[in-house]
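**Student:** Give me coordinates for this.
(chains A and B)
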Amino acid sequence: KQEVTQIPAALSVPEGENLVLNCSFTDSAIYNLQWFRQDPGKGLTSLLLIQSSQREQTSGRLNASLDKSSGRSTLYIAASQPGDSATYLCAVLNFGNEKLTFGTGTRLTIIP
Amino acid sequence: SQTIHQWPATLVQPVGSPLSLECTVEGTSNPNLYWYRQAAGRGLQLLFYSVGIGQISSEVPQNLSASRPQDRQFILSSKKLLLSDSGFYLCAWIRRTEAFFGQGTRLTVV
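**Tutor:** This next block holds a predicted model:
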């Protein structure tokens, strides 16, 4: 059974700093890994999707990496802004049964 | 273009009442459809998924059921709600290249 863990559970950093969020998964037989953002009381916003054959994806100030063999992904946020405050979720799409398993989430607070 | 609709956005129901949440997708055929629940302060838990009409897989034993009466329709139901059924429910359409989510239904059982 796929298990996805995110560390840390919560993170507070001053505005302007760069930061890294971590995601680990137990079963490397995946199609892809995706990072989402969830604002309080709202649905999910897709940030980046990395196919299993890829090593990283970039969008603006966000960069996500994937090391499938070790079961790890990181989300790097450069020059953080207060608007980046949200819960960040990673999710892996399992090979075969096509289930999307979510991580436990990291609640990020950017301090102005 | 592909879209996914989920309603209602919010719902307050008394304990013991029935529930029906509907999710429909547009712009595709034979999609894989999923229901997730997020309890307060918790992560997203997969409840049910369906790879075709009439095909439902349940992930956890619970007070809920799901049905897929049409190719692009996925329904989450309960005959009698419990307080523990409160949470944020998300419908999703997932394929190997991307995932689409509905806007969610916030259910409060009182």
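**Student:** Could you check stretch B:38-49 and say which residues are buried?
**Tutor:** Residues B:Gln38, B:Gly43, B:Leu44, B:Gln45, B:Leu46, B:Leu47, B:Phe48, B:Tyr49 are the ones in stretch B:38-49 that count as buried (16 or more other C-beta atoms under 10 Å in any protein chain shown). (Glycine included, C-beta is placed from N, CA and C.)
**Student:** Can you confirm whether it lies near chain A?
**Tutor:** Yes - Stretch B:38-49 is in contact with chain A by C-beta under 8 Å from any C-beta of the partner chain, via B:Gly43, B:Leu44, B:Leu46, B:Tyr49.
**Student:** Put together CSV for those residues, with pLDDT on each row.
**Tutor:** Formatted as CSV, these follow (pLDDT from 0 to 100):
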residue, pLDDT
B:Gly43, 83
B:Leu44, 90
B:Leu46, 92
B:Tyr49, 92
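**Student:** Which residues of chain B lie near chain A?
**Tutor:** Counting by C-beta under 8 Å from any C-beta, the positions of chain B adjacent to chain A are B:32, B:34, B:36, B:43-44, B:46, B:49, B:51, B:88, B:90, B:92, B:94, B:96-99, B:101-104, B:106.
**Student:** Okay, and which of the residues you listed map to helices?
**Tutor:** Per DSSP state H, helices hold no members of those.
**Student:** What distance do you get for the spatially most central residue of chain B to chain A?
**Tutor:** Central residue of chain B (C-alpha atoms, centre = their mean): B:Trp35, 3.5 Å from the mean position. Between B:Trp35 and chain A the computed distance is 12 Å (C-beta to the nearest C-beta, to the nearest Å).
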